[in-house]
Each structure stands twice: as C-alpha cells, then as structure tokens.
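Colleague: next one to model:
(2 chains)
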Amino acid sequence: MAVRNGKNGLLEKWRIDEKPVKIDKWDGAAVKNSLDDAAKKVLLEKYGYAENFNLVDGRLLICTISCLFAIVALIWDFLHPFPESKPVLAICVISYFIMMGFLTLYTSYQEKNIFLVSVQKDPAGMDLNHTWQLSSSLKRFDDQYTLRVSLTDGKSKHTREQEITKSVGAFFDGNGTLVMDQFEKCVSKLHNTLATEKKTK
Amino acid sequence: MLSLDFLDDVRRMNKRQLYYQVLNFGMIVSSALMIWKGLMVVTGSESPIVVVLSGSMEPAFHRGDLLFLTNRVEDPIRVGEIVVFRIEGREIPIVHRVLKIHEKENGEIKFLTKGDNNSVDDRGPYKPGQHWLEKKDVVGRARGFVPYIGIVTILMNDYPKFKYAVLFLLGLFVLVHRE
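Modeller: Numbering: from 1, shown residues only, chains lettered A, B, ... in the order given. The predicted structure follows:
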C-alpha cells in the first residue's frame, strides 16, 4: 500500500498540470504551443468535450512506419554485410523517403493547423455528436495569434467557423506567464458565439 | 525535486505527445541513417565518405580531408590511380596509389599500393603473409573531396568523451524541445 502511494506521489510531483504556464516570451513556438494547450484545456475541461485522437494517431503511425523501415535497414545490413544487402537497403531507403513525402502531405493537407478535434456528446444520448475543431496560426516573429473554432453539426454535417486574431501580448504578462483568465474568456466567447448561432439557425 | 524548469514542457505532455517527442528523435536519427545507406547503395561503396587520417598522400591529400568515394564494378584499377582500401582484419580504410598490378585473363587482379609521401610500399602494413591486395579489399575510388572538414571527425575520435557529450546534449535537446 505504502509502495503504491509512493509511486502515485512521484507521478503527481512529475505532472504539473496546475502550475501556471511560464514560457520564454520571445520564443514564438513556445508561445503558440502554450496558447494552443490552454485553448485545448478550456474546451476539454470547461465544456467537457472528449478529445478525438484520430488525426494525431495518423501522424504517429506514419512516423512509426518510417522508423520501422530504418530499423529494418539497419538490422538487415548488420546481418548481411554490404554488397548482399543492396536490394533490401535500396527498398528501405526509397520507402523511407516516400513515407517522408506522405508525412509532409499529411501534415500540410490533412492536419493543416488543427491541434484539437473534440466531440460534444449529445446529453440525450441520441446519435447527434457535434465535432468541435480548433486550429491556430502564429506567423514567425509576429505577435498576432489567430484562433479558429469550427463546429460541425452532427446531423446536418454543416460546418461553421469563427475566428479571432489578437496580439499575444493580451494573454501573457511581462514575465512570460500565461494569464489563463483572459485567454479563457476569449476562447469561451468564441465558443459561445458559435454555439448560439447553431441554436438560432 | 530539483527546479529543472527546462523540463516543464515535458511534464505537461500527455502520452501521445511524449511518444511523438521520442519519434521525432527517432526520425532525425533515421533520416541520417537512410541518407548514409542511400549513399552506400548509389555509390556501391560500403563507406562512401571517408576522412584522410595520415599525411601519407601529401601533397595530393592532407590529414583531415573528406573524400567522396564510388565503387563501381566497371571502374578498372590501373597503375597510378588512387584507391581506398581496407586491409583484412583492420577497419580503418587507407588511401594510397596503385604501384603494380598482376592481371589474369578473367579480369582478377592483384595489386600493390604505396602512399605518395611514404618511402616504402605497403607490404609492411599488409597482413602477415599477404603480398598483394585484391578487388574485394577495395572500398572505392575518390571522386571528389572537401579539404579540412574531416578534422572534426578526427577530433571526435581522439576525444571520445567530447563526442559522447555532444551527442548526449543534442539528443536531450531534441527530446525535450517541442516543435
């Protein structure tokens, strides 16, 4: 019993979900990532939507297959030294670079800038799950962060989008700490606009 | 726990994100590996890029020069040409010039090499009892070179701790840093 609690305690000390997010305010990638994560948090925790991992899983699968090709090449070449392994190596190398091409196409056209796909389950239990998608963009060295919320109606398959562009300075203080309250307000407003639009239509 | 702030990003990651960090690292390593194996296939040589380790071929090649090799079956080995070869039992490739060749009718050859800057031929370094090299010992022929860049490789091999430190730090950076 004591052992199990000890392990959980260590895991709790490792995870820092409740610590306020502090990043290097000049690091564009870190800024975008923390804003994206915060937006995710709002949708998943405040509104209780369930995250759909299919998009991310697709990318993970492509990457895993590519690495497998590399591992196969490595092991085959080790077991059957060079000149005999030529055909297998050639196949693995070409496949690897084809997978890389797939990956680029996948991230550019399938994933685009979407970082969250979540499902709003209908409380009545009928098959009318609405899909909420979040995507964002932040240009290099720019401070204008664009958050796009899109709602796909479960019944009509109709998609509506709403976006907002704001300076990142509105959400971070001078030290680089994310002011969650401000950001949450912004995301909620966006979300509620779309939700009410749906009701009035 | 120590205040390892740089790990904060990692601590906030869920399982999928952690797996992606590891995959990212794997893909960088795999890309380098695939480029190397790809070069092996294209050039036909088992070591398509080598570093000149000694000054035995001065003034043609100096210590630290990077050589690009090909090992096409059709390339005939003729006296006076530079070949890169490996002595049986040793893993370090040597870059020297061909001095003498004995050729059979079916194309099999035995050849002797000598470094331009050496005073004697290579029979000394050959395996005890071995007097000639054969085609199977050839790693390739130099097709192009870049001067001086190989010094980094020589340094890394002379100071392995430095090499491991650099690799470890690079690896850590890739694993911890989010795209």
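
Colleague: okay, CA-based contacts and neighbour counts for the rest of this
Modeller: OK.

Colleague: would you mind listing what in chain B touches chain A?
Modeller: B:1, B:8, B:11-12, B:20, B:23, B:26-27, B:30, B:33-35, B:37-38, B:41, B:44, B:46, B:178-179 (Cα under 8 Å from any Cα of the partner chain).

Colleague: count the neighbours of residue 142 for me.
Modeller: Since no chain was named, I'll use chain A. Per other Cα atoms under 10 Å in any protein chain shown, the neighbour tally for A:Asp142 reads 10.

Colleague: nope, chain B please
Modeller: Neighbours of B:Ala142 under the rule other Cα under 10 Å: 20.

Colleague: pLDDT at A:Leu11, what is it?
Modeller: pLDDT, A:Leu11: 68.

Colleague: the longest helix along chain A packs against which elements?
Modeller: The residue-count maximum for a helix in chain A (DSSP state H) belongs to helix A:54-79. Applying 3 or more Cα pairs under 8 Å, 6 or more residues apart in numbering or on different chains; DSSP states H and E, we find helix A:54-79 packed against helix A:82-105, helix B:15-43.

Colleague: quick one, which of these gets closest to A:Ala29.
Modeller: Closest to A:Ala29 of the helices and strands packed on helix A:54-79, according to Cα to Cα: helix B:15-43, at 15.1 Å.

Colleague: the closest one: which residues count as buried?
Modeller: B:18, B:20-21, B:23-27, B:30-31, B:33-34, B:36-41, B:43 (16 or more other Cα atoms under 10 Å in any protein chain shown).

Colleague: tell me what that helix is packed against?
Modeller: helix A:54-79, helix A:82-105, helix B:160-176.

Colleague: can you say which of those is nearest to B:Arg141?
Modeller: Per Cα to Cα, nearest to B:Arg141 of the helices and strands packed on helix B:15-43: helix A:82-105, 16.2 Å.

Colleague: starting at the chain centroid, how far to that closest one?
Modeller: Computed by Cα atoms, centre = their mean, to the nearest Å, the chain-centroid distance of helix A:82-105 equals 28 Å.

Colleague: same check on stretch B:50-57?
Modeller: With Cα atoms, centre = their mean, you get 12 Å for stretch B:50-57.

Colleague: how many residues are close by B:Gly107?
Modeller: By other Cα under 10 Å, neighbour count at B:Gly107 equals 9.

Colleague: element containing B:Asp8?
Modeller: Assigned by DSSP states H and E, B:Asp8 belongs to helix B:8-11.

Colleague: endpoints of stretch A:49-57, how far apart?
Modeller: 18 Å (Cα to Cα, to the nearest Å).

Colleague: domain parsing for chain B?
Modeller: Here the domain parsing of chain B from the TED database is B:1-43, B:49-147, B:150-178.

Colleague: nearest to A:Ala38, of those?
Modeller: domain B:1-43 (11.4 Å).

Colleague: for stretch A:24-41, buried residues please.
Modeller: Quick answer for stretch A:24-41 (16+ other Cα under 10 Å): A:25, A:28-40.

Colleague: and it, how far out from the chain's middle?
Modeller: 12 Å.

Colleague: with stretch B:168-179 instead?
Modeller: Counting by Cα atoms, centre = their mean, stretch B:168-179 comes out at 26 Å from the chain centroid.

Colleague: so which residues make contact with it?
Modeller: By Cα atoms under 8 Å, 6 or more residues apart in numbering or on different chains, the residues outside stretch B:168-179 that reach it are A:29-30, B:6-7, B:9-10, B:21-22, B:24-25.

Colleague: average pLDDT for that stretch, rounded please.
Modeller: 87.

Colleague: got it, and stretch B:32-51?
Modeller: 91.

Colleague: outside of that stretch, which residues touch it?
Modeller: Here stretch B:32-51 makes contact (Cα under 8 Å, 6+ apart) with A:70, A:82-83, A:86, A:89-90, A:93, A:96, B:63-72, B:93, B:139-140, B:150, B:153-154.

Colleague: filter these down to the buried ones.
Modeller: Neighbour-count burial (16+ other Cα under 10 Å) applied to those gives A:70, A:82, A:86, A:89-90, A:93, A:96, B:63-71, B:93, B:139-140, B:150, B:153.

Colleague: so the residue nearest to the spatial centre of chain A, which state does it fall into?
Modeller: Per Cα atoms, centre = their mean, the C-alpha nearest to the average position across chain A is that of A:Phe115, at 3.2 Å. Three-state call for A:Phe115 (DSSP: H, G, I helix; E, B strand; the rest coil): strand.

Colleague: any idea how far A:Lys40 is from it?
Modeller: Applying Cα to Cα to A:Phe115 and A:Lys40 gives a distance of 8 Å.
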